[in-house]
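Novice: predicted model, plus sequence, below.
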Amino acid sequence: MKVIFGVENLTKNFSNAVVCIGNFDGIHYGHRKIINTCIREAKRTNTKSLLVTFDRHPKNVFAELKNGQPLPILTTNEEKNILLEETEIDGILYLETDPEFLSVAPEEFLKELIVEKIGAGSVVVGYDFRFGKARKGGIELMLQCGEKYQFDVVHIQAVQINGQVVSSSKIRNYLKQGDLSAAEQALGYKYHFSGRIVHGSGRGTGMGFPTANVEIDNPRKLVPAKGIYLTKVIIDRREKFGLCNIGVRPTFDESDLVIEIFIYYEKDVNLYNLPIEVTILHRMRDEIKYNTQEALIEQMRIDKQNGLKLIKQYN
């Protein structure tokens, strides 16, 4: 799989490729249907398969321009690459995304990108694909342009699970609501994030539960709902289980969101600045404000024991 940044760096061996284009945030089951169709069509026509996406989510480009609320993303570019390595896609093209690029009229967008710069033979798109200025371009225009500029268009219908259309926006809502089960079903894998272990307040150590405070690598990465989660972590190539608290420590009247993980069977306390990968396995409970520190410590003991019972299932 070849990863290409910038359409100007696309090599000639991708000429006449079967292209799938979209945000692909999450690489969920709906995306995989599009990607697998792209791969299958490329094999059928003996050409290359090329996934075309954006180096930044278009909504975040405009949010930055207008000082608006950024959209939390499900997958960073690095995570997309890792997930796509599991497929047979031949290449990934990241388009340099800026307001000027996103303001091109829809037909001009297709003509310049798909026809002139990529030279695609076929284009595979999802049920809700929109493109061009103000997202005015849709499947009808795509089909018209395919006939006009002589490229095939394959339109993929929505994937449904339990009667719900699989989409990135719905998965974001599932995670924000703490519905891990629905998110995992739609994604096809357990949600995860990576970061670095940083210094915290040290309060956990004082209560007998030392924690690793995590600073997520990409500030745009979506953080699930506040609560206590059983997680699997990788630190320095070592795999461990951990209890992750995502919250604001309401018992101590704090307000900054923190991600802190009590790591089972971890004796090394000098983990600062080490990279950490966190996979969320199970949501155990909501974040709760306790009247006393002693009540919180007792609940943490209960959480630890409940976590150990769950670990047996995952082992």
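Specialist: Noted; the coordinates are in hand. In this text, all values refer to a predicted model and were calculated from it rather than measured experimentally. Residues are numbered from 1 along each chain as shown.

Novice: mind jotting down where the helices sit in the stretch 51-200 of the chain?
Specialist: Using DSSP state H, counting those that start in this stretch, the helices of the stretch 51-200 of the chain run over 58-65, 77-85, 99-102, 106-109, 139-149, 168-176, 180-187.

Novice: can you redo those as JSON lines with mean pLDDT?
Specialist: What follows is these, written out as JSON lines (pLDDT from 0 to 100):
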{"stretch": "helix 58-65", "mean pLDDT": "86"}
{"stretch": "helix 77-85", "mean pLDDT": "97"}
{"stretch": "helix 99-102", "mean pLDDT": "88"}
{"stretch": "helix 106-109", "mean pLDDT": "94"}
{"stretch": "helix 139-149", "mean pLDDT": "95"}
{"stretch": "helix 168-176", "mean pLDDT": "97"}
{"stretch": "helix 180-187", "mean pLDDT": "97"}
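
Novice: select, out of the ones you listed, the one closest to A225.
Specialist: helix 168-176 (5.7 Å; CB to CB). Heads up, the C-betas are built off the backbone N, CA and C, glycines and all.

Novice: quick one: K111 from V7, how far?
Specialist: Distance, K111 to V7, by CB to CB, to the nearest Å: 13 Å.

Novice: retrieve the pLDDT associated with R135.
Specialist: Note on R135: pLDDT of 89.

Novice: please disregard the earlier target; I meant F252.
Specialist: 67.

Novice: what of L281?
Specialist: pLDDT, L281: 97.

Novice: how many neighbours does it have?
Specialist: By other CB atoms under 10 Å, 23 other residues sit near L281.

Novice: test my guess that it contacts H192.
Specialist: No. L281 is beyond contact range of H192, at 9.9 Å (criterion: CB atoms under 8 Å).

Novice: A42 touches N36, doesn't it?
Specialist: No. A42 is not in contact with N36 according to CB under 8 Å; the separation is 10.7 Å.

Novice: more neighbours: the two, which one.
Specialist: More crowded of A42 and N36, by other CB under 10 Å: A42, with 24 against 17.

Novice: how about the more buried one, secondary structure?
Specialist: The three-state label given to A42 by DSSP: H, G, I helix; E, B strand; the rest coil is helix.

Novice: need the contact list for it.
Specialist: Taking CB atoms under 8 Å, 6 or more residues apart in numbering, we find A42 in contact with A17, V18, K48, S49, D90.

Novice: skipping adjacent residues, who's closest to it in space?
Specialist: For A42, ignoring the flanking residues on the chain, the nearest one in space by CB to CB, 6 or more residues apart in numbering is S49 at 3.7 Å.

Novice: distance of that neighbour relative to E215?
Specialist: Distance of S49 to E215, computed by CB to CB: 36 Å.

Novice: go on, I92?
Specialist: Taken as CB to CB, the span from I92 to E215 is 27 Å.
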